[in-house]
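**Q** fold the following for me, if possible:
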Amino acid sequence: MGSSSNGSPAKPFKFLIYGKTGWIGGLLGKLCESQGIQYTYGSGRLESRQTLVADLDAIKPTHVFNAAGVTGRPNVDWCESHKVETIRTNVVGTLTLADVCREKGLILINYATGCIFEYDSGHQLGSGVGFKEEDSPNFIGSFYSKTKAMVEELLKNYENVCTLRVRMPISSDLTNPRNFITKISRYDKVVDIPNSMTILDELLPISIEMAKRNLTGIYNFTNPGCVSHNEILEMYRDYIEPSFTWKNFNLEEQAKVIIAPRSNNELDAIKLKTEFPELLSIKESLIKYVFGPNRTTPVAA
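**A** Have a look, this model is predicted:
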């Protein structure tokens, strides 16, 4: 584990993870196992302060990761009719965890969302001008995004929190229904809009490294650049399923089959790329981790 400046052995890492039953939470545990990092899943409820304090006292972690939250099933439209439940976890719960961690002098790595922006006159589609970490959210189309924007604003005041803005997460496991590629490959029709996205195979290990470096503040947690729905589905067809076909529709047509509007944007990834120069662009990462010959997860037949 190396040594501290006074020559004594550095304290080994011990991670406490919330979100055991979630997609990102599950992947985090596997990553810790593969890297030999000691970790425990929290048993407390985010909105119950005393259960979080009990977890921290019992486990004594070096860092805390929050991958728990309500996104809604099958999608964020669920949040429109379950507003109190959404607030309880996404706002009250996240703030309580941040507050308890601050009291204990612990850094909280919080997996948040970048779906709090939409293209506007200063960040036009196709312009290559992305929203930066310090930009204020401008998308309030869905209740889910509204709560996420609120909590991000409040968390800015907690100097112990590292907020990671995840977008349209993708992994090499094309059987997972939460995977953005799996989702859109199963839709009857898709819109075709370039967006910033997060390749979990590349970025989740980076988030562990961010904890080790004790980084805090907001990070656009996406691969640099944009990719459109059609470009992804073309890759899916070319690499995975040669007979695959799909149909497009426009935003007006999409609006008729969803309850809440969806966020479309490009996030500026310069801050993350500066910290991790090896970070691949979105299309390079898709080829390397998801579709290319080195992909880690076989596609189920």
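**Q** do you know the pLDDT at the nearest residue to residue 35 once chain neighbours are set aside?
**A** Counting by C-beta to C-beta, 6 or more residues apart in numbering, residue 35 lies nearest to residue 208, which is 7.0 Å off, once chain neighbours are set aside. For the C-beta atoms, the positions are set from N, CA and C on the backbone; glycine is no exception. As predicted, residue 208 sits at a pLDDT of 98.
**Q** gap between residue 208 and residue 109?
**A** 8 Å (C-beta to C-beta, to the nearest Å).
**Q** who has more neighbours out of the two?
**A** residue 109 (23 against 20; other C-beta atoms under 10 Å).
**Q** gap between the helix or strand where that one lies and the chain center?
**A** When secondary structure is defined by DSSP states H and E, residue 109 falls within strand 107-113. Distance, stretch centre to chain centre, for strand 107-113: 9 Å (C-alpha atoms, centre = their mean, to the nearest Å).
**Q** I figured the residue nearest to residue 35 hits residue 36, correct?
**A** No. The pair residue 208 and residue 36 fails to qualify as a contact (C-beta atoms under 8 Å) at a distance of 11.6 Å.
**Q** what ranges does the stretch 201-301 of the chain have for its helices?
**A** Assigned by DSSP state H, counting those that start in this stretch, the stretch 201-301 of the chain shows helices spanning 229-239, 251-255, 270-275, 282-285.
**Q** packing partners for the longest one?
**A** Based on contacts counted as 3 or more C-beta pairs under 8 Å, 6 or more residues apart in numbering; DSSP states H and E, the elements that helix 229-239 packs against are helix 180-186, strand 189-190.
**Q** ends of stretch 242-262, what's the gap?
**A** Start and end residues of stretch 242-262 are separated by 29 Å (C-alpha to C-alpha, to the nearest Å).
**Q** what does stretch 135-151 give?
**A** 15 Å.
**Q** in that stretch, what counts as buried?
**A** For stretch 135-151, the neighbour count (16 or more other C-beta atoms under 10 Å) marks 135, 137-139, 142-151 as buried.
**Q** now the two most distant members of those.
**A** Maximum pairwise distance in the buried residues of stretch 135-151, criterion C-beta to C-beta, is 21.1 Å, between 135 and 143.
**Q** the residue nearest to residue 25 when sequence neighbours are not counted: how many residues sit nearby?
**A** Excluding its sequence neighbours, the residue lying closest to residue 25 (C-beta to C-beta, 6+ apart) is residue 19, at 2.9 Å. Residues within reach of residue 19, counting by other C-beta under 10 Å, total 21.
**Q** next, residue 280: phi, psi?
**A** phi -80, psi 150 (degrees, to the nearest 10).
**Q** just checking, it touches residue 288?
**A** Yes. Using C-beta under 8 Å, residue 280 is in contact with residue 288, at 6.4 Å.
**Q** got any residues that touch both of the two?
**A** residue 202 (C-beta atoms under 8 Å, 6 or more residues apart in numbering).
**Q** just the C-alphas of stretch 118-133, formatted as CSV.
**A** What follows is stretch 118-133 as a C-alpha-only set of coordinates in CSV (Å, rounded to 0.1, in the frame of the first residue of the first chain):
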residue,chain,number,x,y,z
GLU,A,118,-30.0,20.2,-22.4
TYR,A,119,-28.6,21.8,-25.6
ASP,A,120,-29.1,25.5,-25.7
SER,A,121,-28.0,28.6,-27.6
GLY,A,122,-24.6,28.6,-25.9
HIS,A,123,-24.2,24.8,-26.2
GLN,A,124,-25.6,23.9,-29.5
LEU,A,125,-26.0,20.3,-30.8
GLY,A,126,-23.0,19.5,-32.9
SER,A,127,-21.0,22.5,-31.9
GLY,A,128,-18.6,20.6,-29.7
VAL,A,129,-19.2,23.1,-26.9
GLY,A,130,-20.0,21.1,-23.8
PHE,A,131,-21.4,22.0,-20.4
LYS,A,132,-18.7,22.5,-17.8
GLU,A,133,-18.6,21.4,-14.2
